[in-house]
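# sharing a model prediction with you, sequence too.
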Amino acid sequence: MYRSLRLTANLTAISALFIFTAAGCNPPPPVYSPTPSGSGDIGGTYESPQTSGGGSQMQSIPTIYPTDAADASFLRVQGPDIVNGQGQKVVLRGINFGNWLLWEGGSLKIVNVAESKLRKLLEEKADTGKVALFFKTIVEYHTVKEDFRIAKAEGLNVVRLCFHHRYVQEEPTELDQAVQWAKEAGIYVILNFHAAPGSQAPAYFADSDGEMYFWDKRSYQEVFFKKWEILANRYKGESIVAGYEILNEPAAPNGSQVTKIYKEAVERIRAIDPDHIIFLDGNQYAADPRVLDPPFTENVVYMCHQYEKTLREMKQWIESKGWLAFRDKYNVPLMCSEYAYDLDGDRYFESVGIHWSPWAHQKLTSTWTDWVLSISRKNRGEINTIQTDIINHVQSTDLSSGCKNDVISLLQNYQQVDLKVEMRNLSRKYPQDEEAILVLLKEIRNIREVAWIRMMAQTLNQMPDEEIINLAKNMRDRSGQQFPR
């Protein structure tokens, strides 16, 4: 499912008109030497209010943490449960560390385009050295060792590490440093292949140019499999790794393509590492479980993602898509590994026996948000001109009169609406204009994206290097609770 709540347009500034992903650069890798772990865990307490209208399958189960790097025990699937080396049931209560090793601009109040596109356009307009420094320092300071310790201290026992394929190399990278930090903090990690070579979805989070090449080009698939072999060799003895999530939110045209990739990936991983849990997403942005039916192997946790706007819609979505029926039919574990953190999703999931990890939440400082807003303030005249030009363009289109007026009204009230969602609503209201509306939406997004990136490039050009470094250092607010539930 496409992440609608990560695409909301809070359009006080033109930056929030678009949802896009920024790129992280890959500075020299840290030294990392993984070592095999033994076994042994301790239990904590998960304080979650009981949900109304029924008993809980999970809320009475204490949170199980690995005590430290040496004492973590391998997790494995046992029927519908996950258990540790002592046979204790383990409920995965987690958080996503996204927007980092594939960071997404929308969560940073910047425009959300594919990170490779963002970096390419910035390099065309700004000093390449400043662009490189900006991305390098964002990766360096966005997520740090302390964040793993904080996640555990706040009652979580797993971090879903979302990474771009470039972070899997023969030599260790920031991804491997992150696993080391998790070991030191005593918290499990799920290795989530978030962006595959060639892009598994036509979206920013897959670092796509709008197309998917992964499903039809064997060359991309082979790189993907080899990167999983690198990870399997590196972590085959590492029990702090809860498991391997083969591919984030696939959007294959044909579900059989997903099943084929999964089967080959699992076969090649398990030829090296037969012990780790495998995590498998449904097709169509982890919404559709049919590609997983029937299960083709054991020791698997099945993953769904959903971004409904209310708890009631969340419950309806999980049931209507068939996830609970799939779980119960095959007696297997289910995890919702992405959902909006501002819903009480964990309470609901605990009540129906689903492991959980909401999408990434990072508190940003006023230093960062003021910097983002300053880009718009300094370019208010240009923004108004762009807005007028877009409205004039809409008026010149062949849209029906009523549709045209509604589109213009949306544009004039852009601070209160999610343009993508509302334009799609209009395509249903005016079915005769559907194709033209979707084309127009792409045109508007592209115009605004290019304009915003140009303004951002101008701002970076004017910043001394030390100011860029200090901006990245001070982007995160780590005071108070970090991961609200």
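Perfect, thanks for sending it.

# SS state for Ile190?
Following DSSP: H, G, I helix; E, B strand; the rest coil, the label given to Ile190 is strand.

# roughly how far apart are it and Arg428?
For Ile190, the distance to Arg428 equals 37 Å [C-beta to C-beta, to the nearest Å]. Heads up, the C-betas are built off the backbone N, CA and C, glycines and all.

# pick out whichever of the two has more residues nearby.
Ile190 (24 against 9; other C-beta atoms under 10 Å).

# who's in contact with that one?
92, 94, 158-161, 241-245, 279, 337, 357 (C-beta atoms under 8 Å, 6 or more residues apart in numbering).

# distance-wise, check Pro358 relative to Gly98.
10 Å.

# when these two are compared, which one has more neighbours?
Gly98 (26 against 23).

# quick one: which helix or strand includes the more buried one?
strand 94-101 (DSSP states H and E).

# got the angle for the helix or strand where Gln177 lies vs strand 94-101?
According to DSSP H and E, Gln177 maps onto helix 174-185. Between helix 174-185 and strand 94-101, the angle comes out at 150 degrees (axes from the mean of the first three to the mean of the last three C-alpha atoms, to 10 degrees).

# so what does helix 174-185 touch, helix or strand wise?
strand 94-101, helix 145-153, strand 158-164, strand 188-195 (3 or more C-beta pairs under 8 Å, 6 or more residues apart in numbering; DSSP states H and E).

# can we see that at 10 Å?
In terms of contacts (3 or more C-beta pairs under 10 Å, 6 or more residues apart in numbering; DSSP states H and E), helix 174-185 is packed against strand 64-66, strand 94-101, helix 145-153, strand 158-164, strand 188-195, helix 218-235, strand 241-245.

# in it, which residues are buried?
Across helix 174-185, burial judged by 16 or more other C-beta atoms under 10 Å covers Glu174, Leu175, Asp176, Gln177, Ala178, Val179, Gln180, Trp181, Ala182, Lys183, Ala185.

# so the last one touches Val144, yeah?
What it means is Ala185. No. Using C-beta atoms under 10 Å, Ala185 makes no contact with Val144, being 11.3 Å away.

# quick one: the residue nearest to Leu121 when sequence neighbours are not counted from Ile61, how far?
Take Leu121 and drop its neighbours on the chain: the residue closest to it by C-beta to C-beta, 6 or more residues apart in numbering is Ile453, 4.6 Å away. Distance from Ile453 to Ile61, counting by C-beta to C-beta: 47 Å.

# so the two - more neighbours on which side?
The neighbour comparison of Ile453 against Ile61 (other C-beta under 10 Å) goes to Ile453, with 26 against 18.

# what's near enough to touch that one?
15, 18, 20, 105, 110-111, 113, 117-122, 124-126 (C-beta atoms under 10 Å, 6 or more residues apart in numbering).

# tabulate the CA atom coordinates of stretch 93-107 in PDB.
Written as PDB, here are the backbone C-alpha positions of stretch 93-107 (Å, rounded to 0.1, in the frame of the first residue of the first chain):
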ATOM      1  CA  ARG A  93       7.500  -4.200  19.600                       C
ATOM      2  CA  GLY A  94       9.500  -1.900  17.400                       C
ATOM      3  CA  ILE A  95      10.100   1.300  15.500                       C
ATOM      4  CA  ASN A  96      11.400   2.000  12.000                       C
ATOM      5  CA  PHE A  97      14.700   3.800  11.600                       C
ATOM      6  CA  GLY A  98      13.800   5.200   8.200                       C
ATOM      7  CA  ASN A  99      14.800   8.400   6.500                       C
ATOM      8  CA  TRP A 100      18.400   7.600   7.100                       C
ATOM      9  CA  LEU A 101      20.100   5.000   5.000                       C
ATOM     10  CA  LEU A 102      17.400   5.800   2.500                       C
ATOM     11  CA  TRP A 103      16.100   9.100   3.900                       C
ATOM     12  CA  GLU A 104      12.800  10.500   2.800                       C
ATOM     13  CA  GLY A 105      12.400  14.200   2.500                       C
ATOM     14  CA  GLY A 106       8.800  14.400   3.500                       C
ATOM     15  CA  SER A 107       9.700  13.300   7.000                       C
END
